[in-house]
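In: Prediction below, plus the sequence it came from.
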Amino acid sequence: MHFFNVDLHIGVIEDIKQIFRALGHEVTDWSISSHASVLGKETAKVDILTQDTWKSIDREMCDAFYRRYESELSAYDGFIVTHTPCFAMLFERWKKPIICVASTRYEHPFTNDRRAWEEFNGFLREKIDEGMLIPVANNKYDSAYAEYFTNRTWSVIPSICEYTNAPYTGTRAESICFSKLKTLPSIRGLVTKDRVFRETLQNRIRRRIGFPTYRPGYTWEDRSSFRCAVWIPYNSSIMSIFEMYTSGIPMLFPSLSFLEELYRDYGDQGVLSELSFNHVYGMQPGSVIDCDDLDPNNYVNGKVMMHWAKKSDFYDLDNMSGLGYFSSFEELKHLLDSIDLCQMRQTMIEHNPIRKLRSYEAWQTVLRKVAERGQA
């Protein structure tokens with residue numbers, strides 16, 4: 001089968017493309033992400049839907065998209081939507097299967113629009129019940145989040161991300177910290193990503209005035225060369241964590257109790273700051289649609305947010321065994337000196353084939369549903 005995708009995110013669809021190709025299917029993707037060049041692609045020029053217009057998606061935009069691409073997209077067997085799920089509305093009129101993958105809070109850009117969010121929920125329920133839309137999440141958090149608001153099951157198929165092709169080397173003596181926290185204590189042997197890979201002033205100026213730039217940031221190989229990675233996570237699911245696990249890079253995370261402490265003290269400095277779009281956009285806490293006491297957008301309630309944070313990828317030991325945890329920065333200092341990184345890496349290497357097999361089998365189940373829908 002041949003699928004079509006238009007996307008704002010590069011990683012989720014690239015992972016699916018690689019898996020589908022291995023299973024004998026093809027995916028054409030038009031990326032409107034400004035990061036498309038990371039994967040050697042150009043940002044697609046799409047009529048109607050652009051980086052500037054997509055947040056205004058509504059029935060009128062979807063109808064215009066259909067009129068513009070009706071003939072061109074009719075040749076495909078189905079559609080894939082990842083970031084963001086609202087793009088599923090673009091493909092309704094082709095009446096073909098839509099695989100909808102929630103990789104971060106699914107309701108974007110309707111977070112602050114009660115009517116639009118409720119209408120979108122209605123659309124999702126109707127198409128799921130019809131069998132036209134197949135709901136998937138690439139992590140347990142977004143599966144639970146989407147189920148909470150739509151009252152429909154979203155199966156979990158974690159991302160694999162073999163596209164980096166950058167296995168762990170550990171040739172550098174330093175460990176690298178991925179964090180948005182501005183007050184990270186000084187720890188011997190631990191460097192921050194921003195400090196090591198700070199973009200040069202010359203590069204920033206060249207990019208601003210439209211001239212070609214030298215490579216900013218870092219490569220996947222650069223990332224794999226560090227002794228290990230320490231995360232103070234800003235979200236429950238981060239594509240880089242999937243990528244690094246597949247590469248076999250040892251990773252350390254705050255324990256749930258320490259994460260709660262960090263969220264309480266530094267939630268406004270980047271710790272889990274992207275769990276809720278309400279928080280991201282400076283909105284009042286609490287969803288604009290009706291919720292119970294476990295509202296996942298009530299970001300000022302630390303207990304509720306930790307209830308949801310338990311579903312984060314880095315606590316999902318069934319999918320990511322072999323990770324390390326620290327309950328304080330003092331313990332982190334000790335772990336960096338004493339932890340058996342070779343054993344951690346070996347556990348990940350042995351677990352990766354299990355993860356991959358589960359993912360492929362789950363996607364085969366989805367593809368059978370698509371084929372059955374296409375034959376109906």
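Out: All right, it came through fine.
In: hang on, E260 in a helix?
Out: Yes: assigned with DSSP: H, G, I helix; E, B strand; the rest coil, E260 falls within a helix.
In: Not counting its neighbours along the chain, what's nearest it?
Out: For E260, ignoring the flanking residues on the chain, the nearest one in space by CB to CB, 6 or more residues apart in numbering is M306 at 4.8 Å. For glycine as for every other residue, the C-beta is placed from the backbone atoms N, C-alpha and C.
In: so where does the one you found fall, helix or strand?
Out: helix 302-309 (DSSP states H and E).
In: Next: G282.
Out: Judged by DSSP H and E, G282 forms part of no helix or strand.
In: what comes up buried for stretch 353-368?
Out: 355, 358-359, 362-363, 366-367 (16 or more other CB atoms under 10 Å).
In: ok, the closest residue to P135 other than its chain neighbours - contacts?
Out: Distances taken as CB to CB, 6+ apart place W154 nearest to P135, at 4.4 Å, with adjacent residues excluded. Applying CB atoms under 8 Å, 6 or more residues apart in numbering to W154 gives the contacts 102, 135-137, 142-143, 146-147.
In: So which of these are in strands?
Out: 102, 135-137 (DSSP state E).
In: can you list these in TSV and add neighbour count and pLDDT?
Out: Output for the ones in strands among the contacts of W154, formatted as TSV (neighbours: other CB atoms under 10 Å; pLDDT from 0 to 100):
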residue	neighbour count	pLDDT
A102	28	98
P135	24	98
V136	23	98
A137	25	98
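In: can I get those residues in a markdown table with distance to A36?
Out: Output for the ones in strands among the contacts of W154, formatted as a markdown table (distance: CB to CB, whole Å):
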| residue | distance to A36 |
| --- | --- |
| A102 | 21 |
| P135 | 26 |
| V136 | 23 |
| A137 | 23 |
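In: just to revisit the earlier point, show me which of the contacts of W154 is closest to E331.
Out: Within the contacts of W154, proximity to E331 (CB to CB) peaks at D142, which comes in at 29.6 Å.
In: isn't that closest one right up against A102?
Out: Yes: counting by CB atoms under 8 Å, A102 is a contact partner of D142 at 4.3 Å.
In: chain center to stretch 235-244: distance?
Out: Computed by CA atoms, centre = their mean, to the nearest Å, the chain-centroid distance of stretch 235-244 equals 7 Å.
In: which other residues reach that stretch?
Out: 9, 11-12, 15, 103-104, 138-139, 141-142, 158-161, 164, 178, 220, 223-224, 229, 231, 233, 251, 272, 274-275, 308-309, 311-314, 320.
In: Same question for stretch 268-284.
Out: 104-105, 107-108, 111-112, 179-183, 232-236, 259, 262-263, 265, 267, 285-287, 296-297, 299, 305, 308-309.
In: In strands, which of those appear?
Out: Those of these mapping onto strands are 179, 232, per DSSP E.
In: Counting neighbours, what do you get for the closest residue to L8 other than its chain neighbours?
Out: With sequence-adjacent residues excluded and distances taken as CB to CB, 6+ apart, L8 is closest to H83, at 4.7 Å. Neighbourhood size, H83 [other CB atoms under 10 Å]: 20.
In: Also H351?
Out: 18.
In: Make sure I have this right: it is in a strand.
Out: No: H351: not assigned to a strand; according to three-state DSSP it is helix.
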